[in-house]
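Participant: Pasting a predicted model and its sequence here:
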Amino acid sequence: MRIVQACVKLGLDFVCVHTAADAHSGHVRLAREQGGPGSLYRISSYQDANELLAVADDAGATALHPGYGFFAEDFRFARRVTERTRALTWIGPSWRVIRDLGDKINTKRLARGLGVPTVPGSDRPLYDEPEAEEIAANLFSFQREQDVARPVVLLKASAGGGGMGIEEIHDIDSFRMTYRRIRNYAKRQFGDEGVLVEQRIFDFNHLEVQILCDRHGGEPLHFGTRNCSVQSTGRQKRIEVAPGFVPAELRYSFDAAAVLEAVKDHSLAIAREAGYDSVGTWEWIVTPRGEPFLMEVNTRIQVENGVSAVISRIGGKGGVDLIAEQIRCALGERPGYTQKDITFEGVGIEYRLIAEDPDNKFTPWAGRIDSFSWESAPWLSVHTQVPTDEPYQIPTDFDPNLALAIIWGKDLAEAKARGLEFLDKLVLGGTDSTGVELKSNVEFLRHKTENLLVF
Amino acid sequence: MKDVKALLEEMKSAPYKLVEVAAPHTGVVEHVLTEPGTKVTGPQGSWGERPGTLLAHLERERNKKAIRAPMRGEVEKVFTEHAGRFVEAGTVLYTLRHYLTKDEVIQEILKKTLYLFHAREQAKYYFFPEADTKIKAYGPQSVRVRDGQDLFIVSRMKRESVLPYSGPEGMIYAVYFKDNHSVEAGQPLIGVCPPDQLPLIQDVVNRVKSEWEERG
């Protein structure tokens, strides 16, 4: 939806694709409203590259935005889009950059080469079980040597993302069973059975740095940091806050301002070295002692970009739209401003409203949304595909995300108060096919708001 | 005990089904078969290696894909208004009238005689790796199931969970889902034949084989 809105804002024509299951989604309605019936195409699958390209050709499109999903980080698809006979402009990093940074392993190597700290563990996807087991055993030994009371090792699907395909083991005896489960899952979901083995760092904060680069080799810019530490048990984000820490309001046991500067500087250094040329996110783990470790680079625009945008000012002006900036840069424009022109004001909170049961391992809830409304406010923007004027059946092919609510306050206290006000006034109801009432994470969000950015 | 004869008579009273042939993906349609009433055949051979009658071509990304009849029957309707045009996925191109085969009749009646284990929720279903390997190698009837056995992996909203089988012990006689296809809540996943039902199943098969007349 925000891509359509950005196109409208920039005065660009667009076409949208949707699957049969998504026929009633908000992006379909918005595209119909803003672009007319000719702006919509029903395709068989979002994961079929041929569908997207065939539609682009039929519509006469000149550029392609891959959205937030898997294609956005698929360098083969990006290469195909830009190197086919009827080439299209790829709205994202060039395929070489996606290839180099989209792979967690390459990123790790590049980062280590620049002296940027990374999480201890394997530096390539592992396909050999005994080798992976040996690395896991070494990580357990390493943690014991560091006096870690309960050492834990993470097994991750190398091709995964968004918290999917990650499990932890507490002793080497459970390695094989977990390894095989992750490997099979990775093969089913991502088509690649490579597994990463890493040390699990506890009680960390998950920070992100929002980067923007142009296609002319200009100096990389950052739009500040985000803290994405409020996550589900499956390590999927539920609340994002910008900036990443607020040393002016909260006390930290380490120099939080210095950590924020360090992660920004490291991120810009990697972006510079890699020749980054679009919007991207650098993801960091920060330990309770204030040590930052680079986790990975997301070579795409992320859904949480809006919380960085809401606190950003360019030349003192708000209303920053990072998707529009991404599109402008992809089309060859220069940003027209430098890092000095980018300032930050206040605190942003983004809530991910999801139909799920936080008390039951965040199990997704699927059913029909019957009522959904909230009270408008100048400090609030809500992005949702769920209609507010008619019932909506949640498709089961995707996560049951209902909306993103972005709240701004002049400081953390005000942002939190406004966040709670939004949640208090939110109306959200529905039932599933067996009559069970909608389960959502609203209470979880409310509960977590209290201690946002406390570390 | 089910009345197999009555079930068979019910099927005989409505021996046809209408099948829609839709564009599996987007592309430009070129109709090959344009006359309603034309007889068509579905895939044939032990492995379905001989494809069905060519109905149309669907061209996308300079690849021409043949759209073939999925089963035997005759053309009921041709949607010629799509000829030469770019169509969306799921656009109906033909309607076929299909006369049920013996195997289909057996399957339909078995659905009413076997113990059916249903999908609890709309999701993609997979067999547990052990059962999956056996079924792929030796067919569903090589797997015996018992109450409480972990049998399915349920994949929904990018999450996977285990679904144990519940019901009478027996062999899996029929599988009603495919890998990577979404199954709606309430649809059967497998049909299980308890040992004491085997004679009835055999009766179904024998009766249909002797009494059902296949039509071209």
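Facilitator: Happy to help now that I have it.
Participant: So for the residue most central in space within chain B, what's the pLDDT?
Facilitator: For chain B, residue B:176 is the residue whose C-alpha lies nearest the centre (C-alpha atoms, centre = their mean; 7.0 Å). Note on residue B:176: pLDDT of 93.
Participant: Need the three-state assignment for residue 108.
Facilitator: Going with chain A. helix (DSSP: H, G, I helix; E, B strand; the rest coil).
Participant: To clarify, I was referring to chain B.
Facilitator: helix.
Participant: still on that earlier bit, how about the residue nearest to the centre of chain B, nearest residue that isn't a chain neighbour?
Facilitator: Spatial nearest neighbour of residue B:176, chain neighbours left out: residue B:188 (4.7 Å); criterion: C-beta to C-beta, 6 or more residues apart in numbering or on different chains. The C-beta positions use only the backbone N, C-alpha and C, and glycine is treated the same way.
Participant: Please apply the same query to residue A:129.
Facilitator: residue A:179 (6.1 Å).
Participant: How about the contacts made by the one you found?
Facilitator: By C-beta atoms under 8 Å, 6 or more residues apart in numbering or on different chains, residue A:179 lies in contact with A:129, A:132, A:133, A:155, A:195.
Participant: again with residue A:385
Facilitator: Going by C-beta under 8 Å, 6+ apart, residue A:385 touches A:1, A:25, A:26, A:27.
Participant: between these, which has the most around it?
Facilitator: residue A:25 (21 neighbours; other C-beta atoms under 10 Å in any protein chain shown).
Participant: re the thing from before, need the max-distance pair from the contacts of residue A:385.
Facilitator: Largest separation among these by C-beta to C-beta: A:1 and A:25, giving 8.5 Å.
Participant: Residue B:156 and residue B:185, how far apart?
Facilitator: Distance of residue B:156 to residue B:185, computed by C-beta to C-beta, to the nearest Å: 10 Å.
Participant: out of these two, which sits in the busier spot?
Facilitator: Between residue B:156 and residue B:185, counting by other C-beta under 10 Å, residue B:156 is the more crowded of the two (20 against 15).
Participant: you'd agree the more buried one is up against residue B:119?
Facilitator: No. At 10.2 Å, residue B:156 does not count as touching residue B:119 under the criterion of C-beta atoms under 8 Å.
Participant: For residue B:162, which non-adjacent residue is closest in space?
Facilitator: Nearest to residue B:162 is residue B:150, by C-beta to C-beta, 6+ apart, at 5.1 Å.
Participant: Now for the one you found: which residues touch it?
Facilitator: B:128, B:162, B:163, B:164, B:165.
Participant: Just the buried residues from those, in PyMOL please.
Facilitator: Buried members of the contacts of residue B:150, defined by 16 or more other C-beta atoms under 10 Å in any protein chain shown, are picked up in PyMOL with:
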select buried, chain B and resi 128+163+165
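Participant: from the contacts of residue B:150, which ones fall inside strands?
Facilitator: B:162, B:163, B:164 (DSSP state E).
Participant: for the residues you listed, which one is nearest chain A?
Facilitator: Proximity of these to chain A (C-beta to the nearest C-beta) peaks at residue B:162, which lies at 10.8 Å.
Participant: Roughly how far does the closest one sit from residue A:165?
Facilitator: 16 Å.
Participant: And for residue A:2?
Facilitator: 27 Å.
Participant: Below-threshold pLDDT in chain B: ranges please.
Facilitator: B:1-2, B:158, B:215-216 (pLDDT under 70).
Participant: Closest residue of the stretch 251-400 of chain A to chain B?
Facilitator: Taking C-beta to the nearest C-beta, the stretch 251-400 of chain A has residue A:364 as its residue nearest chain B, at 4.1 Å.
Participant: Please name the bridge partners of that residue.
Facilitator: Per DSSP bridges, the residues bridged to residue A:364 are residue A:356.
Participant: wait, it sits on residue B:160?
Facilitator: No. In this structure, residue A:364 is not within contact of residue B:160 by C-beta under 8 Å, at 11.4 Å.
Participant: mind listing what residue A:23 touches?
Facilitator: By C-beta under 8 Å, 6+ apart, the contact list for residue A:23 reads residue A:42.
Participant: all helices for chain B, in order.
Facilitator: Under the criterion DSSP state H, chain B carries helices at the ranges B:4-13, B:102-113, B:129-138, B:198-211.
Participant: buried sites along the third one?
Facilitator: When you say that, I think you mean helix B:129-138. Quick answer for helix B:129-138 (16+ other C-beta under 10 Å): B:131, B:132, B:134, B:135.
Participant: Around chain B, which positions in the stretch 351-455 of chain A sit nearby?
Facilitator: Taking C-beta under 8 Å from any C-beta of the partner chain as the contact definition, the stretch 351-455 of chain A meets chain B at A:363, A:364, A:366, A:396, A:397, A:398, A:399, A:400, A:433.
Participant: Show me which of these is closest to residue A:224.
Facilitator: residue A:399 (26.1 Å).
Participant: That closest one - how many residues pack around it?
Facilitator: 18.
Participant: residue contacts, it?
Facilitator: A:236, A:354, A:364, B:157, B:158.
Participant: Could you report the neighbour count for the second one?
Facilitator: Residue A:354 sits with 25 neighbouring residues when counted by other C-beta under 10 Å.
Participant: mind listing what it touches?
Facilitator: Taking C-beta under 8 Å, 6+ apart, one finds A:238, A:362, A:364, A:399, A:400, A:401, A:402, A:440, A:441 in contact with residue A:354.
Participant: and which of those residues is nearest to residue B:56?
Facilitator: Nearest member of these to residue B:56, counting by C-beta to C-beta, is residue A:399, at 36.5 Å.
Participant: circling back to that earlier point, go through the contacts of residue A:399 and give me the one with the most neighbours.
Facilitator: Ranked by neighbour count (other C-beta under 10 Å), the contacts of residue A:399 have residue A:354 at the top, with 25 neighbours.
Participant: Let me know the pLDDT of the closest residue to that one other than its chain neighbours.
Facilitator: Computed as C-beta to C-beta, 6+ apart, the closest residue to residue A:354 that is not its neighbour in sequence is residue A:441, at 5.0 Å. Note on residue A:441: pLDDT of 96.
Participant: got the phi/psi numbers for residue A:441?
Facilitator: The phi/psi pair for residue A:441 (degrees, to the nearest 10) reads phi -100, psi 20.
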